Structure formats: structure tokens, C-alpha cells
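J.: fold the following and give me the result.
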Amino acid sequence: MQAPDVDVILERLRHYIPEHPQESLSSSLRALPTAAVLVGLFYCETTHSVRVLLTKRAVDMRSHGGEVAFPGGKRDDTDRDAAHTALREAEEEVGLPQTWPQVIKAMAPFVSKNLLLVTPVVAWLGNRSQLPRLTPNPREVSVIFDAPFDMFALGLHHSFMDISFRSVPFRIHFFDYPIDALSLLATSDKVDPTLTSSANIFGLTALVLIVASKVAYEHTPSFSLMPPGGLLPTQLELDGDRFVLPATHQPSSRL
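T.: As a prediction, the model looks like this:
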């Protein structure tokens, strides 16, 4: 796959129209609590590639401790929109000033395993060498690192596991990414060195990156997003804490 120019990548993301926008979600999904994450992209002059900003959550966090995640969190009542939530949380977690990112696109939402409706907000951060100093909030983040954005469309370091998720077939994607010295952006004080050697990017974070990078690079991965017969949670309805097929279900192969 030949890497397109940065401007082409951003234009593709900016103009992408998802098949399942928030307005098409079932009323049961639209009623879920909301959150937003920042998909922060930047250009690395050393590797001549677009990279994505990621974190490892503090190991003692009550929710998703030690896992790889985007900066982000639940919506506050005072947040204007999903972008406001994502930018506010990124500043709190990694010290990225809210005025720094150029917001490109609020993607269609995803459903987390804890039943949050999560909107990924794609933003451009500029060149790596000009990024502001990033500092982990030790209460929430242990490591800040980056990964190649095209890795997720190409399927590098990829594996998957098929499970039953809230009564429906679901596929969890994993990217076992080796963090090298170039990828490591910052760590909290006295962080365990083993946390800086590799990153297992999986779950909602991996799913968002597969979809976003497929759009950016116009490259369909060699693997299927869902198992045979499986649907994205946003194509389903909630019945209590179980997913069920909507009455008007029509199969689709699009992301």
C-alpha cells in the first residue's frame, strides 16, 4: 500500500459518511451514557508517517487499569459537544492544551463493553517535533506513546478472538505492538519498565483505529471486522443488558 499525503488522509477522514451515524441508532442505544475519545494524529518526520497518540492507563485505575486507550472519558454536563469532551479529557490526562488540536471529524459512535456510547473525535496535532510537552496525569495515565496509523488497516501485529458479547457473536481485535524508543513519548514517575516495552491494543480502541485507518488509507484489511453472522453493536438494539437484532435488520458488509 502506497502511503497517501497527509492532506489526502485528512480529507478522507473529514468527508467520510458512515453507514450507521448516531441518528440511525436504536432508541435503546441513544439512551446510553455518552463519552468521547481523542484520536490524535500527527506526522513523524523520522519515519515519514502518520502516527496516533495513545496511552496506557494507570494500573490502579478502577476501570480498564493498565489497558491501552485514547485520551478521553465521560461527557460532563458542561461540555458543549463530543469534541469538547475529548479535548478536555486529553488536557486532563496527558497535558495536551485544548487549543492545540485541529478537530477534523467526530466519527459515528461505538458502544463500549460497559455500555457507554463513545464518540471518537479525530484531530490533527501537527508535526511530532513541534508537539507541546506531554505529561501523564499519574492518577490516570502511566505511559504516553504513539503507533503507526496505517498499522491497523494493514493488519500488522494483528490477531483476534471470537466471543459471545452480551448474547451476540463478537470479534475482539488485538495489535501486539512493540514500543521502541521513538514511539515512547512520556511516562509517569517510577513507572514499571515492563509497561514501556510493548502495548496490547485491543477492544474498542483497536476497533476505532481499524475503522478510521481503513477510511484514511482506503485500504480494506485482510480480516473481517466481525465474525460470520456478527454485527457491530451499533447495528443492534438493547434489551436490558443483552443485544438483540432490530426488527428491520438488513445485513451489511460496510464498516
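J.: and stretch 125-137, how far apart are its ends?
T.: End-to-end distance of stretch 125-137 (Cα to Cα, to the nearest Å): 19 Å.
J.: give me the buried positions along it.
T.: L125, R128, L131, L134, T135, P136, N137 (16 or more other Cβ atoms under 10 Å). Every residue, glycine included, has its C-beta placed from N, CA and C.
J.: got a list of contacts for that stretch?
T.: For stretch 125-137, contacts defined as Cβ atoms under 8 Å, 6 or more residues apart in numbering pick out 40-46, 51, 53, 55, 92-97, 100-102, 142-144, 146, 185-188.
J.: now the lengthiest helix in the chain, how far from the centre of its chain.
T.: Longest among the helix segments of the chain by residue count, using DSSP state H, is helix 203-217. Here helix 203-217 is found 7 Å from its chain centre; the criterion is Cα atoms, centre = their mean, to the nearest Å.
J.: and it, average pLDDT?
T.: Averaging pLDDT along helix 203-217 yields 97.
J.: stretch 107-118 now?
T.: Mean predicted lDDT for stretch 107-118 stands at 95.
J.: now do the end-to-end distance for that stretch.
T.: 10 Å.
J.: buried residues in that stretch?
T.: M107, A108, P109, F110, V111, S112, L116, L117, V118.
J.: can you tell me which of these are in helices?
T.: Using DSSP H, none of the buried residues of stretch 107-118 sit in helices.
J.: ok, so of the residues you listed, who is nearest E23?
T.: Among these, A108 lies closest to E23 (Cβ to Cβ), at 9.5 Å.
J.: tell me the contacts of the closest one?
T.: P18, H20, P21, Q22, T119, T234.
J.: name the nearest residue to the first one, sequence neighbours excluded.
T.: In this structure, P18 finds its nearest non-sequential neighbour in A108, 3.9 Å apart by Cβ to Cβ, 6 or more residues apart in numbering.
J.: and what of the fifth one?
T.: By the measure of Cβ to Cβ, 6+ apart, the closest residue to T119 outside its immediate chain neighbours is A82, 3.9 Å from it.
J.: state the distance from the one you found to V168.
T.: For A82, the distance to V168 (Cβ to Cβ, to the nearest Å) stands at 26 Å.
J.: have a look at these two and say which one is more surrounded.
T.: More neighbours surround A82 than the other of A82 and V168, with 25 against 19 (other Cβ atoms under 10 Å).
J.: residues in contact with the more buried one?
T.: Listed by Cβ under 8 Å, 6+ apart, the contact set of A82 reads T34, A36, R75, A106, T119, V121.
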